[in-house]
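Enquirer: Just the structure for this:
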Amino acid sequence: MEQANEAASYLAEAFRVFCEQLEEAARAVADAWEAIKAAAEFHKALLWAEAANRPLAARYHRTKKKRIRKKYAKRILAWYREEIL
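Expert: Below you'll find the model as predicted:
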């Protein structure tokens with residue numbers, strides 16, 4: 001009886017650790033999915049900007065510095081959400 005209790009507590013601890021790891025993996029997958037969705041939205045916004053707002057898209061493409069490019073990416077997303085969606 002004592003061995004059965006010991007085995008049950010060991011299995012319960014193993015299952016608890018497994019569940020924690022599964023929750024952590026689920027959070028990582030959810031974060032990755034959000035990043036993929038954001039990248040897809042920006043890609044779509046950039047395509048629309050290249051067609052309908054050429055100067056803004058051209059500024060984004062010509063920029064070399066990451067900081068400035070990020071600024072234009074934000075502007076493109078704001079324009080896309082306001083004008084297109």
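Enquirer: Please make it C-alpha for all contacts and neighbour counts, starting now.
Expert: Will do.
Enquirer: Could you pick out the longest helix of the chain?
Expert: The single longest helix within the chain, with elements called by DSSP state H, is helix 2-52.
Enquirer: Show residues contacting whichever helix or strand comes after it.
Expert: Using DSSP states H and E, the helix or strand that follows helix 2-52 in sequence is helix 54-62. The contact list for helix 54-62 (CA atoms under 8 Å, 6 or more residues apart in numbering) reads Leu46, Ala49, Glu50, Arg69, Tyr72, Ala73, Ile76.
Enquirer: CSV please, covering those and showing distance to Cys19, pLDDT and neighbour count.
Expert: Formatted as CSV, the contacts of helix 54-62 follow (distance: CA to CA, whole Å; pLDDT from 0 to 100; neighbours: other CA atoms under 10 Å):
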residue, distance to Cys19, pLDDT, neighbour count
Leu46, 41, 97, 22
Ala49, 45, 97, 20
Glu50, 47, 96, 16
Arg69, 41, 96, 16
Tyr72, 42, 97, 19
Ala73, 39, 97, 21
Ile76, 41, 97, 22
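Enquirer: now, among those, which is nearest to Ala12?
Expert: Ala73 (49.3 Å; CA to CA).
Enquirer: What helix or strand is that closest one located in?
Expert: Counting by DSSP H and E, Ala73 is part of helix 66-79.
Enquirer: Give me the residue at the spatial middle of this protein.
Expert: Residue closest to the mean C-alpha point of the chain, counted by CA atoms, centre = their mean, is Ala35 at 1.5 Å.
Enquirer: ok, now which ones touch that residue?
Expert: With CA under 8 Å, 6+ apart, Ala35 has no contacts at all.
Enquirer: Could you pull up the mean pLDDT of stretch 9-23?
Expert: Across stretch 9-23, pLDDT averages out at 95.
Enquirer: Only C-alpha atoms, please: export that stretch in CSV.
Expert: Extracted in CSV, the C-alpha atoms of stretch 9-23 (Å, rounded to 0.1, in the frame of the first residue of the first chain):
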residue,chain,number,x,y,z
SER,A,9,2.6,10.7,-5.8
TYR,A,10,5.5,10.3,-8.3
LEU,A,11,3.1,10.0,-11.2
ALA,A,12,1.1,13.0,-10.0
GLU,A,13,4.3,15.1,-9.8
ALA,A,14,5.4,13.9,-13.3
PHE,A,15,1.9,14.8,-14.7
ARG,A,16,2.1,18.3,-13.0
VAL,A,17,5.5,19.0,-14.6
PHE,A,18,4.2,17.7,-18.0
CYS,A,19,1.2,20.1,-17.8
GLU,A,20,3.4,23.1,-16.9
GLN,A,21,5.6,22.3,-19.9
LEU,A,22,2.5,22.0,-22.1
GLU,A,23,1.2,25.3,-21.0
